[in-house]
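Peer 1: need a 3D model of the sequence below.
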Amino acid sequence: MSDSVPRLELLRFLRRVQQQQLQQTDRWIAQEEQRAATAGRAERTRPPKDPGFVVSHGIGEDRRPFEVHVGDCRMAKRTKPVPPIEARRLLTENVEACQFCRPDSELGMLE
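Peer 2: A predicted model of the protein is given here:
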């Protein structure tokens, strides 16, 4: 430290700098809280996603459907979205229902 500037003056300067940094941090916190509140409102107002239904199909020339899934099933591969009426029709035409997501149950087709 320089002897020409009194220690007390340097400490007061340091305190002002730290106050400015703390105020900036408080502004950043307020901005993040605002973003979180806005994102939370958006999530609450968004309607629940209708998963719909998808059909898995074969590869190559034989691309016939072989399994019906609820739209968000993780077991579904090589899929095409279909409306519920099409999913019902496929299930009545001997296309298999996924044993994990049970689209037949979702469609109310089980006894």
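Peer 1: so the residue nearest to residue 109 when sequence neighbours are not counted is in which element?
Peer 2: Excluding the flanking residues, the one nearest residue 109 by Cβ to Cβ, 6 or more residues apart in numbering is residue 91, at 6.2 Å. Heads up, the C-betas are built off the backbone N, CA and C, glycines and all. Assigned by DSSP states H and E, residue 91 belongs to helix 84-92.
Peer 1: and residue 66, what are its phi and psi?
Peer 2: The phi/psi pair for residue 66 (degrees, to the nearest 10) reads phi -130, psi -10.
Peer 1: residue 32 and residue 38: what is the separation?
Peer 2: Applying Cβ to Cβ, to the nearest Å, the value for residue 32 to residue 38 is 11 Å.
Peer 1: from the middle of its chain, how far away would stretch 73-90 be?
Peer 2: For stretch 73-90, the separation from the chain centroid amounts to 21 Å (computed by Cα atoms, centre = their mean, to the nearest Å).
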